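Have a look at this prediction, sequence included:
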Amino acid sequence: MTAQTTATTSSARTAPADTYAPYSPAETEAHWYDFWVKHDLFKPESHPNFPERTPFVITMPPPNVTGGLHNGHTLFVTLEDVMIRWHRMLGDPSLWVPGRDHAGIAGQLVVERDLKAKGIDRHDLGREKFLDQMWEWMETYGLQIQKQLRKLGASADWSRDMFTMDPHHVRAVRTAFVHLFDKGLIYRGHRIANWCKDCQTVLSDLEVDYKEVHGQLTYVRYPIVEGDDQWITVATTRPETILGDVGVAVNPNDTRYQQLIGKHVRIPHVNRIGVIMADDVVDPEFGTGAVKITPAHDPTDFEIAQRHILPAINVMNLDGTMNEAAGAYAGLTTQEARKRLVQELEQHGQLVKQEPYTHSVGHCHRSGTVIEPLLLDQWYLRIKPLADPAIQVVRDGSIRIIPERFARVYYNWMENIRDWCISRQLWWGHRIPVYYCDAPGCSRQWASVDEPERCPECGSAEFHQDPDVLDTWFSSGLWPFSTLGWPDETPDLRMFYPTSVMETGHDILFFWVARMIMFGLEFTGQIPFHTVYLHGLIRAEGGVKMSKTKGNVQDPLELIAEYGTDALRLGVAIGLTPGNDFTLTPTILDARRDFVNKLWNIGRFVMAGTTAEQRRGALQPAVPSADAALVERWIASRLASVTTEVTRLLGEFNFGEAGRVIHDFLWDEVADWYLEAFKFLSRTGKADGALLARVFEKTLCLLHPYAPFVTEELWQRLTTGTANRPISIMLAEWPRAADTHDASAEAEWDDIRALTRATRMLRHEYHIEPSSTVAASILARTPAAAAFWRANADLLGALPGTRLNPIQVVESASGAPPELAARSIGAVAGGAELLIPAEGLFDVQTELTRTRTDLADADKQVKRLENLLGGEFTRKAPPDTVERERERLNEQRERLETLERRHETLTRLAGGGGSLE
Ligand SMILES: [Zn+2]
Ligand SMILES: [Zn+2]
């Protein structure tokens with residue numbers, strides 16, 4: 001089907017449009033999501049402008065299939081869906097490609113943990129059976145994630161859904177690997193790698209988080225071989241690595257050690273002879289200025305050893321225990337070995353001292369375990385040749401990063417990038433497509449996209465595949481184009497690539513975004529997307545980071561059940577600023593649910609206040625008729641401004657502010673003023689129902705990207721029966737600002753609002769019974785003002801909270817007639833003065849007494865605060881406490897002024913004589 005399909009009868013539910021039960025999100029959401037799917041509305045091919053117009057494309061960051069979704073996902077789904085829905089309405093065929101990620105280490109860890117809870121160890125299962133378990137998990141949770149994304153209203157094209165372990169993506173990964181391998185960019189590196197003994201794999205530098213740790217610095221003296229009773233003292237944070245020492249290094253400029261350079265030391269316990277060498281990288285300020293050299297367990301030491309041609313002695317096993325090279329310490333954990341070795345050093349008089357020392361230690365990004373730097377053979381990707389062009393495309397503006405401050409972070413990282421360790425000792429993931437010939441005499445090693453049958457060198461069928469898998473980010477880096485068919489030249493790849501926007505969290509700028517840019521350029525010769533939009537994190541109440549261990553992870557499904565999807569989406573979107581963290585609280589969600597209900601009630605009002613005939617014109621521009629009432633000219637003008645502003649804000653990726661503008665327009669202007677005035681106009685038959693329907697239709701369209709369900713429901717009810725309408729609000733035209741800007745209408749309506757508010761305040765201040773209607777006079781200083789207020793007096797008196805009737809408009813250039821002023825309470829606002837004769841409205845003496853009590857209290861508060869702020873307090877208290885007290889003083893001073901004015905008025909009304917004493 002195409003979007004040209006029109007629905008002249010209700011395409012939705014058959015309930016009469018004027019039946020308005022209270023809003024039920026669950027029912028509405030399920031109904032419309034199914035409707036959209038049934039009509040293929042998420043497919044770009046269903047768009048009326050397909051294929052003529054350039055499509056708008058987003059590749060969804062594939063959620064990890066490690067469990068259910070959390071509110072971090074709610075945020076990205078909302079923001080991306082806002083963009084996709086907006087562009088669809090703008091007229092761009094829009095494609096949002098969904099998918100799920102196998103999640104490498106994270107995926108393997110959850111399943112291992114799950115098995116462990118059942119008493120099963122993965123090693124007992126074996127690789128094959130364990131992978132069966134992995135697949136089972138992926139299928140169960142993959143389905144759950146899809147369901148959750150749908151519940152969140154994601155208008156993603158499910159027919160293009162992909163999993164990172166699907167056969168197609170597997171081929172993409174192997175193709176990419178073989179390309180880089182054959183180009184010589186992938187190589188086997190023998191160097192210090194980051195080993196996690198819990199995950200049992202190496203990690204890339206990015207997967208290591210550095211944290212400050214309170215440890216100890218141990219000073220140990222090593223005897224010098226060439227001199228009797230001569231020693232050199234070194235300091236170390238990891239004494240157990242002494243067992244792997246090959247020497248001691250000092251800075252060549254350090255005068256303390258000049259005479260020792262070239263001499264030898266006897267390494268404690270192992271009695272190995274090591275050389276004392278000079279190397280520029282040694283920091284003379286650290287410890288004693290002399291450092292032990294352990295090439296197999298420290299990257300810097302490894303480099304020093306390479307320069308001085310020294311061996312590397314590995315003293316650790318992969319499970320974090322000491323190996324045979326550690327002699328008597330073999331089999332102990334590093335912690336046990338450390339403790340025992342320190343004791344032994346002490347016994348031998350070689351322990352100088354131990355002192356507390358805070359230093360930065362690498363921890364596993366996934367398990368939090370302390371990383372052991374180990375000398376290992378791993379696969380590396382030479383990244384510099386890929387990084388240079390990726391820096392260039394951001395510098396020249398081909399790719400724009402929002403917020404801009406992250407571009408600097410990107411350059412800094414990319415310019416100092418180090419080769420990427422891509423092999424992982426895991427079972428779950430893309431297995432490295434490197435094969436080794438096992439035929440005697442043939443040592444061929446090759447990479448292959450397809451499963452090979454024979455050795456390309458000797459033709460032997462005896463060969464084996466590398467046991468390791470690839471870093472999961474290697475696979476993710478291909479995502480924007482593998483999802484569109486790469487490495488095949490597919491129609492999708494031609495039509496939808498490069499994509500438009502990559503929207504994701506700023507925490508994976510390097511992990512993911514940078515790699516997609518590098519791979520995109522390398523494999524497709526094109527940038528993978530034009531814009532990178534980075535969002536902040538959603539924090540739990542109190543601003544703390546959400547985590548499973550803290551138990552403060554909010555389950556989107558629970559929130560949806562409680563508040564409805566639209567309220568949840570509005571909750572995460574409104575107020576958000578790019579790149580900044582955001583706290584989602586129940587208070588916010590309550591307010592957004594109230595807003596959705598308010599919108600529902602506005603819908604009810606619009607249906608009741610318009611005829612079917614009027615609603616049939618709802619899609620027309622919201623232009624007021626020639627004889628329109630002031631409020632109608634005003635709302636049309638405001639709608640035009642809001643449309644312009646929201647469109648601009650969305651174009652600038654300012655989703656939080658755009659959402660707030662629509663929200664405030666609906667609540668503060670449409671509901672509070674336009675609809676209230678409309679009620680008044682209806683009573684005299686002057687209300688323009690057609691305009692109301694049009695204003696409401698445009699407003700629903702503006703809000704649709706944020707709150708897709710309730711807007712669809714209301715829009716369908718509103719436009720049922722309209723000829724040539726699109727089948728869904730999803731394909732309705734994005735509002736264009738009508739040529740209805742009307743500065744004088746806006747200024748005049750502001751006057752009415754001001755006097756209305758002043759009237760409400762006056763009634764409140766004098767405790768006038770809310771239900772009583774009171775007479776009033778409006779004093780206008782010019783004939784034009786008098787005419788204006790005469791025309792609008794009845795409306796003013798009818799607005800909620802004013803209850804003024806009759807209103808007499810008095811024209812007087814010189815102010816209020818003394819006789820009237822003497823017996824009235826009054827307020828000045830909106831260029832006029834409102835006077836309400838006080839007689840019979842309240843008891844003057846009671847009000848006077850009450851005001852005097854309040855006055856005395858205000859006076860006391862002001863004096864107290866003035867004293868406080870005049871004294872020691874301002875110097876001693878924290879600045880924000882002082883600031884708070886200052887604000888309090890200002891409030892009390894204002895209160896005092898208001899009360900003094902009221903006291904004056906009441907004194908006058910009482911016939912004079914009311915003194916404060
Ligand atoms: Zn780990
Ligand atoms: Zn061979």
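Received it, and whenever you're ready, just let me know what you need. On a predicted model such as this, the values are computed, not experimentally measured, just so you know. Residues are numbered from 1 along each chain as shown. Ligands and ions are numbered 1, 2, ... in the order given.

buried stuff in stretch 664-676?
665-666, 669-671, 673-676 (16 or more other CB atoms under 10 Å). For the C-beta atoms, the positions are set from N, CA and C on the backbone; glycine is no exception.

I'd like these as CSV, with secondary structure appended.
Shown next, in CSV, are the buried residues of stretch 664-676 (DSSP: H, G, I helix; E, B strand; the rest coil):
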residue, secondary structure
665, helix
666, helix
669, helix
670, helix
671, helix
673, helix
674, helix
675, helix
676, helix
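
excluding its backbone neighbours, what's nearest residue 50?
The shortest distance from residue 50 to any non-neighbouring residue, by CB to CB, 6 or more residues apart in numbering, is to residue 93 (3.9 Å).

what about the strands in the stretch 701-850 of the chain?
Counting by DSSP state E, counting those that start in this stretch, the stretch 701-850 of the chain has strands at residues 774-780, 804-811, 824-829, 832-837.

and residue 231, how far is that from ligand 1?
39 Å (CB to the ion, to the nearest Å).

Can you verify my assumption that that residue contacts residue 224?
Yes - applying CB atoms under 8 Å as the test, residue 231 and residue 224 come out as touching, 6.4 Å apart.

who's more crowded, these two?
Set side by side, residue 231 and residue 224 show more neighbours around residue 224, with 18 against 14, by other CB atoms under 10 Å.

Next, the contact list for that one, please.
Each residue near residue 224 by CB atoms under 8 Å, 6 or more residues apart in numbering is listed here: 230-232, 260, 263-266, 276.

wait, which of the residues you listed is closest to ligand 2?
Using CB to the ion, residue 264 is the member of the contacts of residue 224 that lies nearest ligand 2, at 46.7 Å.

Skip the chain neighbours and tell me the closest residue to the closest one.
Nearest to residue 264 is residue 225, by CB to CB, 6+ apart, at 4.2 Å.

Model confidence for that neighbour, exactly?
You'll see residue 225 listed with a pLDDT of 93.

burial measure for it, as a count.
Residue 225, neighbours per other CB under 10 Å, totals 14.

Please apply the same query to residue 485.
Taking other CB under 10 Å as the neighbour definition, residue 485 ends up with a count of 18.

so which strand or helix has it?
Using DSSP states H and E, residue 485 is not contained in any helix or strand.

Quickly note the distance from it to residue 495.
10 Å (CB to CB, to the nearest Å).

give me the residue from the stretch 1-150 of the chain nearest ligand 2.
For the stretch 1-150 of the chain, CB to the ion, closest residue to ligand 2: residue 127, 24.6 Å.

Now do the contacts for the nearest residue to that residue once chain neighbours are set aside.
Spatial nearest neighbour of residue 127, excluding adjacent residues (CB to CB, 6+ apart): residue 427 at 5.1 Å. Shown in contact with residue 427 (CB under 8 Å, 6+ apart): 108, 122, 127, 130-131, 134, 469.

next helix or strand past the longest strand along the chain?
If you go by DSSP state E, the chain has its longest strand at strand 208-223. Going down the chain from strand 208-223, the next helix or strand is strand 231-236, by DSSP H and E.

Identify all contacting residues around whichever helix or strand comes after that following strand.
Elements were assigned by DSSP H and E; along the chain past strand 231-236, the next helix or strand is strand 247-250. For strand 247-250, the external contacting residues (CB under 8 Å, 6+ apart) are 222, 232, 234, 256-257, 260-261, 265, 274-279, 282, 284, 289-293, 304, 308, 310.

hmm, the longest strand of the chain in reach of ligand 1?
No - Strand 208-223 stays clear of ligand 1 (CB under 5 Å from the ion), getting no nearer than 9.6 Å.

And that strand, what's buried?
In strand 208-223, counting by 16+ other CB under 10 Å, buried: 208, 217-223.

returning to what we had before: between the contacts of residue 224, identify the one with the most neighbours.
Most surrounded of the contacts of residue 224: other CB under 10 Å gives residue 265, at 26 neighbours.

Starting from residue 233, give me the distance back to that one.
Counting by CB to CB, the gap from residue 265 to residue 233 is 11 Å.

Mind listing the shared neighbours of the two?
With CB under 8 Å, 6+ apart, residue 265 and residue 233 have common neighbours residue 222.

Among the contacts of strand 247-250, which are located in helices?
With helices taken from DSSP state H, the overlap with the contacts of strand 247-250 comprises 304, 308.

What values do phi and psi take at residue 289?
Note on residue 289: its backbone torsions stand at phi 90, psi -10 [degrees, to the nearest 10].

surely it meets residue 278?
No - contact criterion CB under 8 Å: residue 289 and residue 278 do not qualify, at 11.4 Å.

In three-state terms, label the residue of the stretch 201-350 of the chain found nearest ligand 2 for me.
In the stretch 201-350 of the chain, the residue that lies nearest ligand 2 is residue 202 (28.0 Å; CB to the ion). Put simply, residue 202 is strand when judged by three-state DSSP.

what are the bridge partners for it, then?
Listed beta-bridge partners, residue 202: residue 195 (assigned using DSSP bridges).

contacting residues for residue 637?
The contact partners of residue 637, taken as CB under 8 Å, 6+ apart, are 740-743, 745-746.

per-residue pLDDT, the nearest residue to it once chain neighbours are set aside?
Spatial nearest neighbour of residue 637, excluding adjacent residues (CB to CB, 6+ apart): residue 742 at 4.1 Å. pLDDT, residue 742: 95.

dump the residue contacts of residue 742.
Taking CB under 8 Å, 6+ apart, one finds 633-634, 636-637 in contact with residue 742.

List phi and psi for it.
Note on residue 742: its backbone torsions stand at phi -140, psi 90 [degrees, to the nearest 10].

quick one: it from ligand 1, how far?
64 Å.

what's the answer for residue 762, then?
On the measure of CB to the ion, residue 762 and ligand 1 end up 68 Å apart.

And for residue 891?
55 Å.

ok so, going back, for residue 186, find the nearest of the strands of the stretch 701-850 of the chain.
strand 824-829 (74.8 Å; CB to CB).

Give me the helices and strands touching that closest one, please.
The contact analysis (3 or more CB pairs under 8 Å, 6 or more residues apart in numbering; DSSP states H and E) places strand 824-829 against helix 743-765, strand 832-837, helix 879-909.

what angle do it and helix 743-765 make?
Between the axes of strand 824-829 and helix 743-765, defined by axes from the mean of the first three to the mean of the last three CA atoms, to 10 degrees, the angle is 150 degrees.

Quick check: mean pLDDT of strand 824-829?
Mean predicted confidence for strand 824-829 is 89.
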